[in-house]
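**Q** okay, sequence plus prediction incoming.
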Amino acid sequence: MTTSSPAALRVAYAGTPEFAAAALQAILAAGFSVPLVLTQPDRPAGRGMKLQASPVKQLAQVHAVPVAQPMSLRLDGKFPDDARVAREALEAARPDVLVVAAYGLILPRWVLDLPRLGCLNIHASLLPRWRGAAPIHRAIEAGDAQTGVTIMQMEEGLDTGPMGLVEALPIGADDTTAVLHDHLADLGARLIVQALQRLAEGGLAALPFTPQPADGVCYAHKIEKAEAALDWREDAAVLARRVRAFDPFPGANFVWQGEAVKVWSAQPVAGTGEPGTVLAADDTGVTVACGRGALLLQRLQRPGGKRLTVRDFLTACPIPVGSHLPLR
């Protein structure tokens, strides 16, 4: 069975953060019918810790798209009632395809089997490199020259499914996760619309899938806050990449006078000394000796404060030359 127009293809959608909202916006703008959106339950956020809907839910509500927010989709899990309600909603929606982007819940077999054209995932890496939860962060941290987006057919393995569309994107020398995230969100939105248009025109035959290569598999493990502490014994170039990778979350940091100071901009420079030793501190930056080279800290933030240039930071919180910063 084939269809001829976007409106004839029923596209259910599962996603939660801004990355996923960009693709949903593009799908709606392209004229596809979206009978149901799945997203994570509302979470406390902000200083008042009030319940806040996900970006995907907010967008769905603007377009009057029905929303389901199960705690789990496992019928035999901790929240079977949630899963049953979600199943009923998906069955009633009668989707031809389910698009998934940064949803945050594992899809059990019953979900994967429900849409007649299967489930497509928008994954922010060039698979099989960086399967898993944090592909953007890990690509920057590892010093990759490029990343990209893969439109993949989902199966029960973690990001192991065959690939439909793939497009590479260079990683700029100064790109942070925040910057690269937005570029990849735009790319993912464009590619998923292309994939759905092909399905609408010719079914699965119009969107051939190829297995992922067996070589080059690596996993982008979830970012843990404990990773944010800078270890001055490491190579300065590695630490500089980590600063970019952990912007905006969790923010690389070091301890000074009992406070965890976040680093939002840093560059590797020449310098030698005992790791953690402050070699220079002026308007150009705070230079800290590392295991190899030195790291020039250029934009800093104290707890509860704003991101500051190093000049403004040092005015309020001097860091004398010769000081020794904890190794992590």
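**A** Sure thing, it's come through.

**Q** and the longest helix belonging to the chain, what's its mean pLDDT?
**A** Secondary structure assigned by DSSP state H gives helix 177-202 as the longest helix of the chain. Mean pLDDT, helix 177-202: 97.

**Q** that one - contacts with which helices or strands?
**A** helix 18-29, strand 97-101, strand 119-123, helix 135-142, strand 146-153, strand 163-170 (3 or more CB pairs under 8 Å, 6 or more residues apart in numbering; DSSP states H and E). Every C-beta, even on glycine, is put in place using the N, C-alpha and C of the backbone.

**Q** so which of these comes closest to residue 10?
**A** strand 97-101 (7.7 Å; CB to CB).

**Q** what does that closest one contact?
**A** 9-15, 19-20, 23-24, 27, 90, 107, 111, 114-122, 154, 188, 192, 196, 199 (CB atoms under 8 Å, 6 or more residues apart in numbering).

**Q** all helices of the protein, in order?
**A** Along the chain, the stretches classed as helices by DSSP H are 18-29, 55-62, 80-93, 109-113, 135-142, 177-202, 236-245, 310-316.

**Q** of these, which is nearest residue 49?
**A** helix 55-62 (17.9 Å).

**Q** contacts for the closest one?
**A** 13, 15-18, 20-21, 24-25, 28, 34, 37, 39, 42, 53, 66-67, 69.

**Q** in PyMOL, select just the buried ones from the residues you listed.
**A** Typed into PyMOL, the line below selects the buried ones among these, using 16 or more other CB atoms under 10 Å:
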select buried, resi 13+15+16+17+20+21+24+25+28+34+37+39+53+67+69
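
**Q** mind exporting the C-alpha coordinates of stretch 24-39 to PDB?
**A** Extracted in PDB, the C-alpha atoms of stretch 24-39 (Å, rounded to 0.1, in the frame of the first residue of the first chain):
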ATOM      1  CA  LEU A  24       7.900  17.600  15.400                       C
ATOM      2  CA  GLN A  25       7.500  21.200  14.200                       C
ATOM      3  CA  ALA A  26       8.900  20.300  10.800                       C
ATOM      4  CA  ILE A  27       6.600  17.300  10.500                       C
ATOM      5  CA  LEU A  28       3.600  19.400  11.200                       C
ATOM      6  CA  ALA A  29       4.700  22.100   8.900                       C
ATOM      7  CA  ALA A  30       5.100  19.600   6.100                       C
ATOM      8  CA  GLY A  31       1.500  18.700   6.400                       C
ATOM      9  CA  PHE A  32       1.700  15.200   7.900                       C
ATOM     10  CA  SER A  33      -1.200  14.000  10.100                       C
ATOM     11  CA  VAL A  34       0.000  13.600  13.700                       C
ATOM     12  CA  PRO A  35      -2.800  11.800  15.600                       C
ATOM     13  CA  LEU A  36      -0.800  11.300  18.900                       C
ATOM     14  CA  VAL A  37       2.300  12.500  20.700                       C
ATOM     15  CA  LEU A  38       4.000  10.600  23.400                       C
ATOM     16  CA  THR A  39       6.300  12.500  25.800                       C
END
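
**Q** now mean pLDDT and distance to residue 291 too, for the helices and strands packed on helix 177-202, in TSV please.
**A** Formatted as TSV, these follow (pLDDT from 0 to 100; distance: least, CB to CB, whole Å):
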stretch	mean pLDDT	distance to residue 291
helix 18-29	98	34
strand 97-101	98	38
strand 119-123	98	34
helix 135-142	98	17
strand 146-153	98	27
strand 163-170	98	29
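
**Q** rebuild those as JSON lines, extending it with distance to residue 293.
**A** Listed next are these as JSON lines, based on distance: least, CB to CB, whole Å:
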{"stretch": "helix 18-29", "distance to residue 293": "34"}
{"stretch": "strand 97-101", "distance to residue 293": "38"}
{"stretch": "strand 119-123", "distance to residue 293": "34"}
{"stretch": "helix 135-142", "distance to residue 293": "17"}
{"stretch": "strand 146-153", "distance to residue 293": "25"}
{"stretch": "strand 163-170", "distance to residue 293": "25"}
